[in-house]
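> Structure for the following, please:
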Amino acid sequence: MKLHLLVNIFIAFALLAAAGRNYPIYAAQDPRAVPNNKFGVHILFPSEISDAARLVNSSGGEWGYVTIPIQAGDRDLEKWQGFMDKAKELHMIPLIRLAIENDYFNTRVWRKPTFADVLDFANFLNSLDWPTKNRYIVVFNEPNRGDEWGGDANPSEYAKILSYAATVFRSRSQDFFIITAGLDNAAANNPPISIRSYDFMRQMALFVPDIFKQVDGLGSHSYPNPGFSQPPSRYSEQGVGSFLYERSLAKELGGKDLPVFITETGWSQEKVADYIISIYYKDVFVSLWSDENVVAVTPFLLSANAGPFTVFSLTQRDGSATAQYTALVRLSKIKGTPILSNETRKIVLENLPKSVLGMRDFSNQKIYLQSAFAEIKAFKTLLKWLLKL
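Sure, this is the predicted structure:
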């Protein structure tokens, strides 16, 4: 009894000390450190979340991923909180991709984002209750293409926007996990229309030297190029293994071992028969994409009933499954165990004695177990002395 009381007093002391300090560490967790269901899918609308869950959490899976864009003008709190609540209920991990609208004066291109856009995104997305502790943010889309960046592919501008996003999102919550935009791995060097992805990355680091240190994850569009039609191969810088080359270059430029998020990929059904695509998916998921550094693979696209994206749709126009959809469903998956939102704080508070909780108001404090345990280690000598009493 005496020993139990002493240990509780000591732990409470260490936790109170840790909670009273603003530790300058990122609270985002490395998703590679826990069991992870890397299967996912890309959707366009929050209403598709249930259909997405049936695919990525099939065959033993749980806590799969869903990539979804949010446009600058779409800050509907009820709509997006509803999406987050549904994701939590269905055990889905959102990858939120920041997006802009078409340029007002040139609708053939997307408007260039501004710092104000990023700030508004950070404020809005921080107002939502997320299902997991990590709040994954993909910072825009294929900026090495001019039509995705106001008609002018500009690595300097993108690097500065990305750097600002890393700063402003973390100033709102250190649970935000910043992921670079997936680049077009088939883009040619023809500036400002397009810039080869690897040259674009090098130029980003030239203008903001530590840019690949500032982010938490590397986005990749590992499409089977050229032509969205090539069989799986690790030897092509433009294929489904392009993430390997991108990750290697990011490490060379920033010295950081970044996890990879393949937020877009897929074969064109105009170029490759559906049943062949199903074979390709079964092959690549157990070979190239089984890489431990690949956290999520979200093929583009779950559903498209009209327009240019129908050639990538995993479902038919009537909603029925394609052969590739069925192949993905049947692939064996695992139960992911991500850290849930507020879980760390809940564990600490539930296990502290009530007498200790009355000593301090924890309502607005973020308690990080890693920091608390660092305090405990620092007082190791004191604990040994107490135990001798």
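> going forward, measure contacts between C-alpha atoms and count neighbours the same way
Fine.
> which residue ranges form the helices in this structure?
2-19, 49-56, 77-90, 115-126, 155-172, 197-207, 211-214, 242-254, 274-286, 323-330, 343-351, 354-357, 369-378, 380-387 (DSSP state H).
> what residues are up against Gly336?
For Gly336, the contact set (CA atoms under 8 Å, 6 or more residues apart in numbering) comprises 34-37, 61-64.
> What pLDDT is listed against it?
We have a pLDDT of 98 for Gly336.
> Tell me how many other residues crowd the closest residue to it other than its chain neighbours.
Distance criterion CA to CA, 6 or more residues apart in numbering; nearest residue to Gly336, sequence neighbours excluded, is Asn36 at 4.1 Å. Per other CA atoms under 10 Å, the neighbour tally for Asn36 reads 23.
> wait, isn't Asn36 in contact with Val295?
Yes. Between Asn36 and Val295 there is a contact at 7.2 Å, judged by CA atoms under 8 Å.
> tell me the domain ranges of this structure?
2-23+352-387, 33-330 (automatic domain parsing).
> Comparing the ones you listed, which yields the minimum mean pLDDT?
Among the domains of the chain, domain 2-23+352-387 has the lowest mean pLDDT, at a mean of 42.
> Report the central residue of this structure.
Tyr136 (3.8 Å; CA atoms, centre = their mean).
> For that residue, give the beta-bridge partners.
Leu95, Phe177 (DSSP bridges).
> residue contacts, it?
Tyr136 sits in contact with 94-96, 176-179, where contact means CA under 8 Å, 6+ apart.
> Distance-wise, check it relative to Pro31.
Separation of Tyr136 from Pro31 (CA to CA, to the nearest Å): 11 Å.
> And for Ala53?
19 Å.
> Looking at those two, which is more packed in?
The residue with more neighbours, out of Ala53 and Pro31, is Ala53; 23 against 20, by other CA under 10 Å.
> does Glu237 really touch Ala187, like I thought?
No. Using CA under 8 Å, Glu237 makes no contact with Ala187, being 11.4 Å away.
> For Glu48, give its distance to Val286.
The gap separating Glu48 from Val286 is 27 Å, by CA to CA.
> which one of those two has more residues nearby?
Neighbours were tallied for Glu48 and for Val286 using other CA under 10 Å; the higher tally belongs to Glu48 (16 against 12).
> List the contacts of that one.
For Glu48, no contacting residues are found, by CA under 8 Å, 6+ apart.
> now swap in Arg97 and tell me
67-70, 137-141.
> Out of these, which sit inside strands?
Using DSSP state E to define strands, the subset of the contacts of Arg97 located there is 67-70, 137-138.
> and of these, the nearest to Tyr275?
For these, the residue nearest Tyr275 by CA to CA is Thr67; the value is 24.7 Å.
> what's near enough to touch the closest one?
Each residue near Thr67 by CA under 8 Å, 6+ apart is listed here: 40-43, 94-97, 263, 298.
> Which pair of the residues you listed spans the longest distance?
The most widely separated members of the contacts of Thr67, counting by CA to CA, are Gly40 and Arg97 (14.2 Å).
> and Ala33, how many neighbours?
Using other CA under 10 Å, Ala33 is surrounded by 9 other residues.
> hang on, the earlier thing: now tabulate the domains of the chain in JSON lines and tack on distance to Leu340.
Output for the domains of the chain, formatted as JSON lines (distance: least, CA to CA, whole Å):
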{"stretch": "domain 2-23+352-387", "distance to Leu340": "14"}
{"stretch": "domain 33-330", "distance to Leu340": "4"}
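> which one of those is the most hemmed in?
Each of the domains of the chain was scored by mean neighbour count; the highest is domain 33-330, a mean of 20, by mean count of other CA atoms under 10 Å.
> Tell me the span between the first and last residue of that domain.
So domain 33-330: terminal residues 26 Å apart, CA to CA.
> All further residue positions should be reported with the first residue as 5.
From this message on, residue numbering opens at 5, which makes the last subject domain 37-334.
> Just list the residues touching the closest residue to Ser54 other than its chain neighbours, thanks.
Nearest non-adjacent residue to Ser54, counting by CA to CA, 6+ apart: Leu94, 7.3 Å away. Neighbouring residues of Leu94 by CA under 8 Å, 6+ apart: 54, 57, 67.
> now the residues you listed in JSON lines, with distance to Ala327?
JSON lines is the format used below for these (distance: CA to CA, whole Å):
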{"residue": "Ser54", "distance to Ala327": "20"}
{"residue": "Ala57", "distance to Ala327": "18"}
{"residue": "Trp67", "distance to Ala327": "24"}
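> Name the nearest of these relative to Tyr329.
Ala57 (12.8 Å).
> related to what we said a few turns ago, how close does the residue nearest to Ser54 sit to Phe180?
From Leu94 to Phe180 the distance is 21 Å (CA to CA).
> Over to Ala126?
9 Å.
> Then Leu99?
Counting by CA to CA, the gap from Leu99 to Phe180 is 11 Å.
> Find the residues that touch each one of those two.
Contacts common to Leu99 and Phe180, judged by CA under 8 Å, 6+ apart, are 139-141.
> re the thing from before, and of the contacts of Leu94, the nearest to Tyr227?
Ala57 (22.7 Å).
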